[in-house]
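S.K.: pasting a predicted model and its sequence here:
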Amino acid sequence: MDIKSSIKFIMSIENIRTRQDLDNWCGGMGKQKLYSYVQRLAPEHWTRINTPKNSVRFYYQQMLTGYKIYK
């Protein structure tokens, strides 16, 4: 599994559709909860790239309403 597909999987099973949904799901941990989850699902891809957190941020901002780069 790669980072993009793991984010799609997480958003699907956790029913996260908006920026607010993500903030509520992460709670007091900030986005670290999401980063840890993605790292467990896609460990090979995570270690292969230089800035995995930036990649995670890019993909979830494209997928969720409430972000400027939402498509």
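M.R.: Great, that's in hand. Bear in mind the structure is a predicted one, so any value in this text is a computation, not a measurement.

S.K.: now do the same contact list for M11.
M.R.: Contact criterion C-beta atoms under 8 Å, 6 or more residues apart in numbering gives 17, 60, 63-64 as the residues in contact with M11. C-beta here means a position set from N, CA and C on the backbone, and glycine is covered the same way.

S.K.: from the residues you listed, which land in strands?
M.R.: If you go by DSSP state E, these have nothing in strands.

S.K.: who wins for most neighbours among these?
M.R.: For the contacts of M11, neighbours were counted by other C-beta atoms under 10 Å; the highest total belongs to Y60, with 23 neighbours.

S.K.: so the closest residue to it other than its chain neighbours, which state does it fall into?
M.R.: Excluding its sequence neighbours, the residue lying closest to Y60 (C-beta to C-beta, 6 or more residues apart in numbering) is I7, at 5.5 Å. When states are read from DSSP: H, G, I helix; E, B strand; the rest coil, the local structure at I7 comes out as helix.

S.K.: residue contacts, I7?
M.R.: With contact set as C-beta under 8 Å, 6+ apart, I7 has these partners: 34, 38, 56, 59-60, 63.

S.K.: dump those into TSV; add pLDDT and distance to S12 as well.
M.R.: Shown next, in TSV, are the contacts of I7 (pLDDT from 0 to 100; distance: C-beta to C-beta, whole Å):
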residue	pLDDT	distance to S12
L34	96	14
V38	96	14
V56	96	16
Y59	94	13
Y60	93	12
M63	93	10
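
S.K.: as a markdown table, those with distance to G27 would be great.
M.R.: Shown next, in a markdown table, are these (distance: C-beta to C-beta, whole Å):
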| residue | distance to G27 |
| --- | --- |
| L34 | 11 |
| V38 | 17 |
| V56 | 17 |
| Y59 | 21 |
| Y60 | 16 |
| M63 | 20 |
